[in-house]
Structure formats: structure tokens, C-alpha cells
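[1] can you look at this prediction? I've put the sequence above it.
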Amino acid sequence: MSPLDGKAVLITGGAGGIGAAIARRFASRGARVLIADVDQAGAAVAAELGGVFVHTDVTKRTDNLAAVEAATEHFGGLDIAVLNAGIGEKSGFVEEFRPEHYRDLVSVNLDGVVYGLHAALEVFTAQGSGAILATSSLAGLTESPIGPLYAATKHAVIGLVRSVAPTVAAHGITVNALCPTFIDTPILGEATPFITEMGVAVLPPERVAEVAELVLTRGGTGQAWPVVPHGEPGPFVFPGLPPIMTDPNRQATA
Ligand SMILES: NC(=O)c1ccc[n+]([C@@H]2O[C@H](COP(=O)([O-])OP(=O)(O)OC[C@H]3O[C@@H](n4cnc5c(N)ncnc54)[C@H](O)[C@@H]3O)[C@@H](O)[C@H]2O)c1
């Protein structure tokens, strides 16, 4: 039996792309899914999987709280929150800077994860268990000259995940991030042929769902898992910091 069998899972941005692929894979493992999305297409995905759809704008804290509440009411609890809703960068930074689009990027890609995480933690800390998986990006692990503002939001998600994880571990809660390379979904717009022409792999969303399942079943926390074309999936190894103690032979415990 899969560890996902019977689990109640909330997935933001589950109306299409990576979120829908995760919903389908988890449902195939016996999970009960709630799709939270601004796009009504999420209702069809939920219906296909015998799940629930809740119209949710992740940029609003109240919508995140309502989605979590709907999950607990419908399923009698919540086990996993996949905070996946996101948008791509549609303007430049050095040139063609559009401040309103910058605000949208931060609202969806960062506020959406902050509010979703906080809403899920209210339930998870009370029950003493739960798993959170946020979709960051490879652009959260490295520089991305084609999308510096998108990269900034995705770095922020990884900083959040790594920083919250130690605090909630004592409550039996894990917090991890997925860091996919280019994935064949609508977020790439017209860019897919140009990316493949450069020899860069564009993977199917099902590959992300496969790694999502691995992350949740391996039980680690505070990790960021790249989703790339080659090699065994595993957590990214962050370089250590230079020493910050006044006595360089003493280790920081915080
Ligand atoms: N496709 C890629 O190349 C790629 C690579 C790395 C990371 N990601 C990340 O994966 C996640 C999923 O993206 P995708 O590739 O499936 O793209 P997508 O456009 O297919 O899916 C994004 C989903 O988020 C939803 N959404 C957008 N704004 C929302 C809001 N305010 N409230 C609720 N839902 C909202 C959309 O309706 C859509 O269903 C995003 O966080 C994205 O940044 C994608």
C-alpha cells in the first residue's frame, strides 16, 4: 500500500500543468485531493479524481484559510499541502520593468506560499503531523538572467522552506521544496521550442509528480529537490557558510 493511500491532500494551482499531474499521481495512489485554483478548470480535474474543487486566489490570505478549512471539513482532516500555484515572468527588470507585474509575481509566487503554509500549519500543529511541499524552481537555486524577478520569488520560497522546517519539526511536520527545470506546461508560453532548440531538456509534468511522491515518502525536511533530466532524484546539497562564531572552533547550534 502506498504511504499516500487515504491521505487528504490540498494542491494549489492544481487546475493544470504540474499541479494537475501531482493531483493525478497522488489520487492514483489512493489520496483524496482538493484542488485550489483561480481557474475553474480545476473543477473538472477534481471531478475526474473524485476530489473537491475550491475556487482559491492564493494571493489572498482568507482564500488560503478557506481552502484548508474546506479540506478539513470535506476529508475530516488534512495531511499534505502542495503549494504549487505560480506565474511566470512577463516583463524585464533592467529593461521594460513593469512594477505592477513585479507585484503580481510576489503576490502569487511568494505571498501564495506564505499564506498557504501558514494556513496549513494551523491544522498541522494542532494535530501534530503534516507535510508541506512548495513548488519552487531550479531558478530558486541558481541565477536566472532570463527571469530575475521570478528567480527572486523562487529563491525566497526556498529560504522560507529551509527556515520554517526546523521550527515545525518538533510538531511532526515536514516542509520541503521542489525545484523543477523547464517543464512542458502553459507557464512557458511560446518559449518551449526556443528552449529545446538550445538543447535544454523540457520535461513532462508527470516527472515532477514522480519526484513529489518521492520527497513526501522519504520523510526528510527542509530540503529542496531538483527535478532534472538525469541522475537519481535527491535533495540539493547547499554549500556551507563561512564560520560566524567568534571562536572558529565552536559550532553554531541555532
Ligand atoms: N513549467 C515550468 O517550466 C516550471 C519550472 C519550475 C517551476 N515551475 C513552477 O511550477 C508551478 C506550477 O506551474 P506550471 O508549470 O504547472 O504552470 P501552469 O501555468 O500550468 O500552472 C499554474 C497554475 O497556478 C494557477 N494559479 C495562478 N495564479 C493563481 C492564483 N492567484 N491563485 C490560485 N491559483 C493560481 C493557474 O491557474 C494554474 O492552474 C509554479 O509555481 C511554477 O513557477 C514551473
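    Good, I have the coordinates.
[2] can you tell me the average pLDDT over the helix or strand containing Ala119?
    Using DSSP states H and E, Ala119 sits within helix 112-127. The predicted model assigns helix 112-127 a mean pLDDT of 98.
[3] now stretch 58-71
    On average, stretch 58-71 scores 98.
[4] can I assume Gln251 sits in a strand?
    No: the assignment for Gln251, made by DSSP: H, G, I helix; E, B strand; the rest coil, is coil rather than a strand.
[5] what's the closest non-adjacent residue to Leu78?
    Among residues not flanking Leu78 along the chain, Ala71 sits closest, at 4.6 Å (CB to CB, 6 or more residues apart in numbering). All C-beta spots, glycine's among them, are computed from the backbone N, C-alpha and C.
[6] ok, the one you found to Gly50 distance?
    Distance from Ala71 to Gly50, counting by CB to CB, to the nearest Å: 14 Å.
[7] list the contacts of Leu142.
    Let me fix one detail, which is that residue 142 is Thr and not Leu. Thr142 sits next to Ala151 when contact means CB atoms under 8 Å, 6 or more residues apart in numbering.
[8] that one: what secondary structure?
    Per three-state DSSP, Thr142 ends up coil.
[9] gap between it and the ligand?
    With distances taken as CB to the nearest ligand atom, to the nearest Å, Thr142 is found 12 Å from the ligand.
[10] what do you get for Cys179?
    The value you get for Cys179 to the ligand, if CB to the nearest ligand atom is used, is 7 Å.
[11] may I have the helix holding Ala119 exported as PDB, CA atoms only?
    What follows is helix 112-127, C-alpha atoms only, in PDB (Å, rounded to 0.1, in the frame of the first residue of the first chain):
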ATOM      1  CA  GLY A 112       0.700  32.500  -2.000                       C
ATOM      2  CA  VAL A 113       3.200  30.100  -0.400                       C
ATOM      3  CA  VAL A 114       3.500  32.200   2.800                       C
ATOM      4  CA  TYR A 115      -0.300  32.300   3.300                       C
ATOM      5  CA  GLY A 116      -0.800  28.600   2.200                       C
ATOM      6  CA  LEU A 117       2.000  27.500   4.500                       C
ATOM      7  CA  HIS A 118       0.600  29.400   7.400                       C
ATOM      8  CA  ALA A 119      -3.000  28.200   6.900                       C
ATOM      9  CA  ALA A 120      -1.800  24.500   6.700                       C
ATOM     10  CA  LEU A 121       0.400  24.900   9.800                       C
ATOM     11  CA  GLU A 122      -2.600  25.900  11.900                       C
ATOM     12  CA  VAL A 123      -4.100  22.500  11.300                       C
ATOM     13  CA  PHE A 124      -0.800  20.600  11.300                       C
ATOM     14  CA  THR A 125       0.500  22.000  14.500                       C
ATOM     15  CA  ALA A 126      -2.800  21.200  16.200                       C
ATOM     16  CA  GLN A 127      -2.800  17.600  15.000                       C
END
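[12] enumerate the residues of the stretch 51-200 of the chain near the ligand.
    56-59, 84-87, 108, 135, 137, 180, 182-183, 185-188 (CB under 6 Å from any ligand atom).
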